[in-house]
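In: okay, here's the prediction I keep looking at, along with the sequence it came from:
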Amino acid sequence: MARYTGPKTKIARKFGQAIFGDDKAFEKRNYPPGQHGANKRRGKKSEYAIQLMEKQKAKYTYGVLEKQFRNMFKKATAAQGITGEVLLQLCESRLDNVVFRMGVAPTRSGARQLVSHRHITVNGQKVNVPSYQLKAGDVVGVREKSKSLEAIQNSLANSSSVYEWITWNTGSMEGTYVAVPARIQIPEQINEQFIVELYSK
């Protein structure tokens, strides 16, 4: 199963945001990587470079590779609504992202691993496909045998995020993907219009 496994802090520094979650190394050096560090003068980026960077940021944020991301863009283009918003909504509807949003895992990569290892159920059925697209009303839960896993328990204990489009019941360890989030509800700092412009060239 393909995924990015390289240095995460370096990528976070490139974008100037801790896109992979809390990162102490990024907090210490929150400027772009390179030989001359924070003092290096960087030339003005071209329009293409800005658009490409925004696409890369979205891909790394959601843990999606190029082929998957392009396929999602095609799906967003064919759907009703604003293409950029629909693209982000498709990213947010991925099972691994929703597991992360529910607090079952501290990071999206951690959520992806839980799904791949069959710890997660959708509407009572085990699903091991991280890119599985959830629909409004789907119930996501932790498999009965996995409820005592220390990693899941710790993540839930430290989770404080609340999202309007998701409900979570700690007692039953399951939540509902209530609705597809509106763009204003998605907290990620991504300029989706740049991505649309890049793929439309």
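Out: Looks like it came in fine. Every value quoted in this text rests on a predicted model; they were computed, and no experiment measured them.
In: so the residue most central in space within the chain versus Q125, what's the distance?
Out: Within the chain, the residue whose C-alpha comes closest to the C-alpha centroid is Y62; the distance, by C-alpha atoms, centre = their mean, is 3.0 Å. Using C-beta to C-beta, to the nearest Å, one obtains 24 Å as the distance from Y62 to Q125. Just so you know, the C-beta spots here come from the backbone N, C-alpha and C atoms, and that holds for glycine as well.
In: ok, back up a step: what's the residue nearest to the centre of the chain in contact with, if anything?
Out: Contacts of Y62 were listed using C-beta atoms under 8 Å, 6 or more residues apart in numbering, and they are 91, 94, 97, 108.
In: can you check E66 too?
Out: When contacts are counted by C-beta under 8 Å, 6+ apart, E66 is found next to K59.
In: repeat that for K126.
Out: Taking C-beta under 8 Å, 6+ apart as the definition, contacts of K126 comprise 118, 120, 143.
In: which of those residues sits closest to N158?
Out: The shortest approach to N158 among the contacts of K126 belongs to I120, at 18.7 Å (C-beta to C-beta).
In: per-residue pLDDT of K59, please?
Out: K59 is assigned a predicted lDDT (pLDDT) of 92.
In: I misspoke; the intended subject was K8.
Out: As predicted, K8 sits at a pLDDT of 59.
In: try G63
Out: The per-residue pLDDT reported for G63 equals 89.
In: tally up the residues packed near it, please.
Out: 22 (other C-beta atoms under 10 Å).
In: ditto for the one 10 residues further on
Out: A total of 21 residues lie near F73 under the criterion other C-beta under 10 Å.
In: excluding chain neighbours, what is closest to V196?
Out: Spatial nearest neighbour of V196, chain neighbours left out: G84 (4.7 Å); criterion: C-beta to C-beta, 6 or more residues apart in numbering.
In: that neighbour: what's it in contact with?
Out: With the criterion set at C-beta under 8 Å, 6+ apart, G84 makes contact with 76, 192-193, 195-196.
In: in three-state terms, label S155 for me.
Out: Under DSSP: H, G, I helix; E, B strand; the rest coil, S155 falls in the helix class.
In: need the pLDDT of it.
Out: 94.
In: identify the residue spatially nearest to it, adjacent ones excluded.
Out: Using C-beta to C-beta, 6+ apart and skipping residues adjacent in sequence, the residue nearest S155 is P106, 4.9 Å away.
In: highest neighbour count among the contacts of K126?
Out: For the contacts of K126, neighbours were counted using other C-beta under 10 Å, and I120 has the most, 28 neighbours in all.
In: next SSE downstream of the helix or strand of the chain with the lowest mean pLDDT?
Out: Ranked by mean pLDDT, DSSP states H and E, the helix or strand of the chain with the weakest confidence is helix 24-28, at a mean of 51. Taking DSSP states H and E as the definition, the helix or strand that follows helix 24-28 towards the C-terminus is helix 47-62.
In: and that next one, which residues are buried?
Out: Of the residues in helix 47-62, those buried under the neighbour-count criterion (16 or more other C-beta atoms under 10 Å) are 51, 53-62.
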